Structures are given as structure tokens and as C-alpha cells.
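Peer 1: I would like the atomic coordinates for the input below:
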Amino acid sequence: MMTGLLATGMIGILLLGLIGSLGLAEWAQRRRDTRYARQIALTDAIHCELGAVVAPFVTRRRGEWVVSMRVPFDRPATVAAILSVTERAFASTGYPGDGPYRITLTPAPREPRPASAGVSCPATGKPARLAA
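Peer 2: Numbers count the residues shown, from 1 in each chain. Here you go, the predicted model:
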């Protein structure tokens with residue numbers, strides 16, 4: 001009698017652990033899906049309005065959204081437009097866990113300058129073509 005009760009109790013504990021683990025995995029997946037959806041929505045909004053100037057990375061830390069971007073600080077009008085689009089994208093509601101957000105900007109690497117017309121290609125010896 002006691003052994004049957006003990007076995008039933010152990011099976012119950014194992015089932016509760018399994019159900020809890022599945023619930024935790026589902027919660028983590030929903031959280032990840034929300035983060036990806038916010039990142040895609042922000043990327044689409046920026047690309048729609050400004051073109052492919054930045055690739056934002058969105059995470060969720062301690063209850064706030066964190067948007068990280070590498071922006072061209074040498075083009076302040078572009079940076080202002082990026083911040084404006086980001087503000088509009090995060091001001092809209094409809095995402096679970098809407099709340100405060102923080103934007104982290106880091107300088108983007110400078111674009112390489114096109115080769116001058118007098119430089120020749122080492123492989124062919126012909127003049128290098130300028131990028132359009």
C-alpha cells in the first residue's frame with residue numbers, strides 16, 4: 001500500500017516537473033518571438049523610410065527594450081531620422097510587454113573611399129574602375 005502511494009507521488013512529481021519545464025520553454029519561445037517581431041518591425045520601418053542605413057538589434061533586459069545600432073555619426077540628419085523612426089516604432093502599442101526602451105548608438109565604420117582614377121589593378125594592370 002505504502003509503495004503504491006510512494007510510486008504515485010513520484011510519478012505526480014515527475015509529471016509536474018515535465019509540465020513546468022514545457023511551460024517555461026513556451027514562455028521563453030514567446031519572449032524570443034516578441035523580440036524578433038519588434039526587431040523586424042523596426043528594421044522594416046527604417047528601411048521603408050530611409051533605406052538600408054542601419055541594422056538595429058533589439059533585446060529585452062530587466063523589463064526594458066534595448067535597441068542597439070551602429071549609425072553614421074558623420075551624417076547627423078540621418079541619425080536624427082533613424083531616432084525619429086525608432087521613436088515612432090516603439091511608441092506604437094500592440095506588442096506584449098510594451099514598456100520603456102533604451103537606444104544605444106555606436107559609430108558605424110566609415111565607408112571606404114573609392115579608388116582614384118590613377119590607380120591600376122594589380123592583377124590586370126588596367127585602371128581601377130570607380131564605384132558608382
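Peer 1: Just the helices from the protein, written as ranges.
Peer 2: Remark: helices assigned in the chain by DSSP state H are 2-50, 76-91.
Peer 1: What residues sit buried inside the last one?
Peer 2: Same thing as helix 76-91. Across helix 76-91, burial judged by 16 or more other Cβ atoms under 10 Å covers 78-79, 82, 85-86, 89-90. Where C-beta positions appear, they are placed from N, C-alpha and C, glycine not excepted.
Peer 1: pLDDT below threshold where in this structure?
Peer 2: 92-98, 111-132 (pLDDT under 70).
Peer 1: Closest to the centroid, which residue in it?
Peer 2: The centroid of the chain falls nearest to F57 when counting by Cα atoms, centre = their mean (2.7 Å).
Peer 1: Quick check: closest non-adjacent residue to that one.
Peer 2: What sits nearest to F57 in space, not counting adjacent residues and going by Cβ to Cβ, 6 or more residues apart in numbering, is S68, at 4.6 Å.
Peer 1: What of P109?
Peer 2: R70 (7.6 Å).
Peer 1: How about A41?
Peer 2: A89 (6.1 Å).
Peer 1: Identify the residues contacting the one you found.
Peer 2: Contact analysis of A89 by Cβ atoms under 8 Å, 6 or more residues apart in numbering lists 41-42, 45.
Peer 1: again, only using 10 Å
Peer 2: Residues in contact with A89 (Cβ atoms under 10 Å, 6 or more residues apart in numbering) are 38, 41-46, 56, 58, 67, 101.
Peer 1: related to what we said a few turns ago, quick one: which of the buried residues of helix 76-91 is nearest M1?
Peer 2: Using Cβ to Cβ, F90 comes nearest to M1 of the buried residues of helix 76-91, at 61.3 Å.
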